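In: Structure, please.
(chains A and B)
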Protein chains: 2
Amino acid sequence: MHSQPIAIDPTGSADDSPAREVTVALLGGGTVGSQVARILTESADDLAARVGGRLRLTGVAVRNLERVRPGVPRELITDDVAGLAASGADIVVELIGGVEVAGELVTAALQAGSSVISANKALMAEKGGELHALAEQQGVDLYYEAAVAGAIPLLRPLGDSLAGDRVQTVMGIVNGTTNYILSRMDEEDADYAEVLADAQRLGYAEADPTADVAGLDAAAKAAILASLAFHTRVTLADVHCEGITEVTSEDVAAARDMGFVIKLLAIADTNREGDGVCVRVHPTMVPRDHPLASVRGAYNAVFVAAEAAGEVMFYGQGAGGEPTASAVLGDLVTAARNRINGSRGAAASTYSDVRILPIGEAATSYYVNLHVADQPGVLAEISQVFADQGVSISAVRQEGQGDQAGLVIRTHPAPDSALSATIEQLGLMGSVKEVVGVMRVVGEQ
Amino acid sequence: MHSQPIAIDPTGSADDSPAREVTVALLGGGTVGSQVARILTESADDLAARVGGRLRLTGVAVRNLERVRPGVPRELITDDVAGLAASGADIVVELIGGVEVAGELVTAALQAGSSVISANKALMAEKGGELHALAEQQGVDLYYEAAVAGAIPLLRPLGDSLAGDRVQTVMGIVNGTTNYILSRMDEEDADYAEVLADAQRLGYAEADPTADVAGLDAAAKAAILASLAFHTRVTLADVHCEGITEVTSEDVAAARDMGFVIKLLAIADTNREGDGVCVRVHPTMVPRDHPLASVRGAYNAVFVAAEAAGEVMFYGQGAGGEPTASAVLGDLVTAARNRINGSRGAAASTYSDVRILPIGEAATSYYVNLHVADQPGVLAEISQVFADQGVSISAVRQEGQGDQAGLVIRTHPAPDSALSATIEQLGLMGSVKEVVGVMRVVGEQ
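Out: This next block holds a predicted model:
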C-alpha cells in the first residue's frame, strides 16, 4: 500500500498503457549521479521496456550550481535539495553521502511516500533500522545495492536467492583501496607507507585515507552484509574493526613464505550454537588457493557459505562511477516495476534474535611469529602457554639459530579471547624475545 | 492478478495475521525433492518469518511409492502427479526433469493458477517462451534459479540487479562433469578416456555421459542465460554446440605451455553493432590468470561483462541435491511472498529484437597448431592464407626442425567463419603436413 500511489490504472498490464511514467528525483550530481542521469537518458527506451513504463527525471539536486555536469540536463539542476527530496517523486535516489543530512533527506522522501534508493553505506549501517521501519510503514521500497561492493549484485541475492537457506559465514574483500595497497605490497615486496603514497598519487586512495585504511568503510559494509545475511540488525558500533596500518612488509613476506596472502576481510559468522553472530574487520591470512586470494587490485569479492548452498562467491568492481551507477539503476528498475505494479519488494527481515558476539567469542585460527631464546625446553615452555589457554597448535616451524632463533606457530580455531590471552602471556615470558607477528588466518581446509 | 488468489485478506500487512499459509505441491521426490521437503520441515519457522506466512506442503508426487524417502512425510506421498500438478496449490515445484511430461505438468499447474518453480533446464531452454507467456497471462510467477549453476544466485541478479545495465558478454563454466574432467586432464596430464572412466566410477559422470560431454547440458543453460541477459528468447536450437570429446591430452599440454587452461565455456555475446547475439558452447583456451581459469572440479562460475557494471563473476556449486534445493527454496520464498502480497515478480523481458547470429559471425581468437614442412618460405605462405581471409595473426612460434617442424599461431579476434575458412585452406596446402590442434581463445587482455 503506497501512501501516495502514482497516478496509473492499477488493474491493467504493463503493456497496454503507453502513458505510464515513473518520476525519479536525484539527490547528488557527482561522479555517480552524472552516470545515473546519463544512463537514464541514453538507455531510456531499454529501461522503459524493462520497467513497463518510462522513467522521468524530475530534478537533480547539487551543491554547486555553477559546475558543469556532463550528462545532466541543465534545466533539471537545482540547489533545493530538501525540496526535491520531499517532492513526492515516485523514487528518490540519494547519492549525497554522510549520515546526518542524508538521513534527514531520506526520511523526508520516505515520509512523502517516495521509494528510496541509496548508495550510502554509512547511513545504512548507522540508521538502516529506523529507515527500514519507516519504509515498511509507508509501504515503499528502500534499496541500497550500490552501498556494498559497487556493481556486484550481492544484497538482492543475499536477501532473496539465499532466503530459503541458512547462511553460516559471509566473508569478503569490500574495500578496494586497502585491497589495492595489500596487493601491491604482496606483488612488489613494497612498504605500506610507500604504496599508500603511490595509491594517493594515482587516485586509488584519498588524501585523508583514514576511513579506508583504518577499516571503517569495510566495517560499515560488514554491518549491512551481516544484517541481511543473518536477518537481524547489526550497526557499525557492533563491528570489531582493525585496519591495515600495522601490516608490515615482513608480515606480507612471512605470509607468502607459508603460501598465504594478507587481505583485509570483513567477516560475519555464527557461533557453533547458531544463536550468536560475530562481525569484524581485520587483516587476515588467506591460503593462496582460496578464491578470495586471487582478488587483486581494486576488485571486491564476497564469499558466502550457507547450509544447503555450500560456498558461493560474488566478484566484481567495488567502486567507481559507472559500476556504482549500474547498481543504482538495477535498484531503480526494480523499485519502478513495483510502483507500476502497485506492490513493493520484500522488506529486510529482522526476525532473528541472534546476539551480537564480541570479537573474543569469534572462533579464529592464529599465526604467531616469535623471536625466542635458543635454549633447550623453549618449545615445551611455549607450547604449555597455548595449552593453558586451551589453544591447540596445528603446526610449528623452528627457524634460525642463536640470536636469530624463531618459532612460527599456527593454531587450530579457538576463541579469539583465548588467543589474545596467549599472546599476552607469551609477551611476558623471558624466553620470548619478541612477538614479531600475529595474524588471524581463515580459509584453510 | 492471480486467477486463483489464495484465501487471505489482501489488504493487511504481512505481520498481523498468523493464519496465513502458502500451499506447496512438490512434483518429484528424488535427490533434490527430498532435500526441499526436508528443509521445508526443518526450517519451517525461519521460512515462515521470511515469507510472512507458513509454507504448507500439500503433496509429493513420485513414480515409485515403495521407495523410502528420508525427509518426506509418508502421508504426503502420491503417485498421482497429474492430479497434484493441477491441484491449484499456491506454488507447484517441478523437479521431474525431461521436456514432454514435465512441460504438460507445468502447463497444467500454470493453468490452475499456481506459481511454478522448476529446476528443469531442458524444459526452460525448449519451452521457456510459451511457459513464460502462460505465466504472464495467468498473473503468476515462473522461477527457475536452480536450472542454471545450481546454488549460485545468477538468474535473479541477471534479471533484476543488472536490469538497468547493458550486458555485453555472459561467459561461464556451467557443467560440472566436463569441468571435472578437464581439470583432471590438466592437473594429471591424463587422457580424456581415462579420466572419463574414473569420473563415471566416482559418480561425477553418468553411465551415458553424452548430454554432458557433448555440451548439450551446457547449451540448454546457455540458452537460458542468453535469454535473460539479452532480453530476448533463445532456445536450445539457437545454440552452436561442441563438446569435449575431441580434446586431447596434447591440446591440454599445449595450452599449459602457453599459460592457458582449456575450459568448456558457454558464451553469449553481442556483435559490434549491438543488434545480434551469438550463443555457443565449445572448448576454449582461457589464460591462467583469468578468474574462470581457477574454477576447478565440479564448481561452476559465470562471468558477466556489462556496459556500466564492468566485469562481474558468480561462483559456486553447480549441482547436487542440497545446493539445488537451496536455489529452489530461494525461489519458493520469493514466490510465496508474492502470493501473500497479492503481487508477482517481474516477468522475463523479451522486448529486445536482437537477431540470433550463427557461430560464423561470432568474433573469436584462434590458436592453431600446425605440423609443417621445414623449408624456406613456409611461414610467408601460411601467413598469406590468414591474410587472405582477413584474419590478423597476433603471435607465431616456430618449433622443432626437419620432420618435427611446427608452427603455433595465435590470432586476433575475427569472424569465426573467416577462421574456419582459414583452417580449411591450411589443410589443403602441401607445406602443411597436419593441422595438429585448433581451439578458440577468450579472455586475453
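In: do the lengthiest helix in chain A and chain B meet at all?
Out: Assignment by DSSP state H gives helix A:321-341 as the longest helix of chain A. Yes: using Cβ under 8 Å from any Cβ of the partner chain, we find that helix A:321-341 touches chain B at A:322-323, A:325-334, A:337-338, A:341. To be clear about C-beta, it is placed using only N, CA and C from the backbone, and glycine gets the same treatment.
In: Packing partners of that helix?
Out: Packing partners of helix A:321-341 (3 or more Cβ pairs under 8 Å, 6 or more residues apart in numbering or on different chains; DSSP states H and E): strand A:21-27, helix A:31-42, helix A:44-51, strand A:91-94, strand A:115-118, strand A:142-143, strand B:310-317.
In: hmm, try it at 7 Å
Out: Using 3 or more Cβ pairs under 7 Å, 6 or more residues apart in numbering or on different chains; DSSP states H and E, the elements in contact with helix A:321-341 are strand A:21-27, helix A:31-42, helix A:44-51, strand A:91-94, strand A:115-118, strand A:142-143.
In: got the contact list for A:Ala309?
Out: Neighbour list for A:Ala309: A:162, A:165, B:151, B:316, B:323, B:326 [criterion: Cβ atoms under 7 Å, 6 or more residues apart in numbering or on different chains].
In: can you check A:Ala319 too?
Out: A:150, A:176, A:298.
In: Tell me the one among the residues you listed nearest to chain B.
Out: A:Gly150 (8.1 Å; Cβ to the nearest Cβ).
In: Show the end-to-end separation of stretch A:51-70, please.
Out: 25 Å (Cα to Cα, to the nearest Å).
In: quick check, distance from it to the centre of its chain.
Out: In terms of Cα atoms, centre = their mean, to the nearest Å, the centre of stretch A:51-70 is found 27 Å from the chain centre.
In: what does the stretch 51-200 of chain A have sitting close to chain B?
Out: Residues of the stretch 51-200 of chain A lying near chain B by Cβ under 7 Å from any Cβ of the partner chain: A:145, A:151-153, A:156-157, A:160-166.
In: State the pair within those residues that is farthest apart.
Out: Spatial extent of these (Cβ to Cβ) is set by the pair A:Ala151 and A:Arg166 at 27.2 Å.
In: Surely A:Met124 forms part of a helix?
Out: Yes: the assignment for A:Met124 is a helix, going by DSSP: H, G, I helix; E, B strand; the rest coil.
In: Can I get stretch A:331-351 as CSV, trimmed to CA atoms?
Out: Only the C-alpha atoms of stretch A:331-351 are listed here, as CSV (Å, rounded to 0.1, in the frame of the first residue of the first chain):
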residue,chain,number,x,y,z
ASP,A,331,17.5,-0.9,-7.9
LEU,A,332,15.7,1.8,-9.9
VAL,A,333,14.3,-0.7,-12.4
THR,A,334,13.0,-3.0,-9.5
ALA,A,335,11.5,-0.1,-7.5
ALA,A,336,9.9,1.3,-10.6
ARG,A,337,8.4,-2.0,-11.6
ASN,A,338,7.0,-2.3,-8.1
ARG,A,339,5.5,1.2,-8.3
ILE,A,340,3.8,0.3,-11.6
ASN,A,341,2.5,-3.0,-10.2
GLY,A,342,1.3,-1.2,-7.0
SER,A,343,3.4,-3.6,-4.9
ARG,A,344,6.6,-3.4,-3.0
GLY,A,345,9.6,-5.7,-2.6
ALA,A,346,10.3,-7.9,0.4
ALA,A,347,11.3,-5.9,3.4
ALA,A,348,14.6,-6.7,5.0
SER,A,349,13.7,-9.3,7.6
THR,A,350,15.0,-8.8,11.1
TYR,A,351,13.0,-11.5,12.9
